[in-house]
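K.L.:
quick one, structure for this:
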Amino acid sequence: MREWAPPHRLVLDFYVASGPDAPTDVTITFTAEGDGTRVTVDHRPTAASAKIWTERAPRYAASWERVLECLRTARRDR
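P.N.:
The predicted model follows:
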């Protein structure tokens, strides 16, 4: 974790499928919206992961969509 600014922002190096030598950058923000919270994920390459980014970015995007959908479902089921 590179930055934790509760309750608004989390910044981290993300190694999934890239390893610690080629981390990607993930910034997650939390914004109050109505009776809930909007979660925004900004996932980008770093200089070290730029070469693999184009190939892996679609899988990262699909994975984040799945994670966020699971969070939406969990919230509805409460």
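
K.L.:
which residues in the chain form helices?
P.N.:
For the chain, the helices defined by DSSP state H occupy 50-76.

K.L.:
so where is it shaky, pLDDT-wise?
P.N.:
Within the chain, no range satisfies pLDDT under 70.

K.L.:
list of residues touching stretch 28-37?
P.N.:
Stretch 28-37 is contacted by residues P7, H8, R9, L10, V11, L12, R38, V39, T40, V41, D42, R75 when judged by Cβ atoms under 8 Å, 6 or more residues apart in numbering. Where C-beta positions appear, they are placed from N, C-alpha and C, glycine not excepted.

K.L.:
now do 6 Å
P.N.:
P7, H8, R9, L10, R38, V39, T40, V41 (Cβ atoms under 6 Å, 6 or more residues apart in numbering).

K.L.:
among the residues you listed, which are in strands?
P.N.:
Of the contacts of stretch 28-37, the ones assigned to strands by DSSP state E are R9, L10, R38, V39, T40, V41.

K.L.:
in TSV: those, plus distance to A57 and neighbour count.
P.N.:
TSV is the format used below for those (distance: Cβ to Cβ, whole Å; neighbours: other Cβ atoms under 10 Å):
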residue	distance to A57	neighbour count
R9	22	14
L10	20	18
R38	22	10
V39	19	16
T40	17	11
V41	13	16
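
K.L.:
which two of those residues have the greatest separation?
P.N.:
L10 and R38 (14.0 Å; Cβ to Cβ).

K.L.:
closest one to V26 out of the ones in strands among the contacts of stretch 28-37, please.
P.N.:
V41 (6.6 Å).

K.L.:
understood, closing this out.
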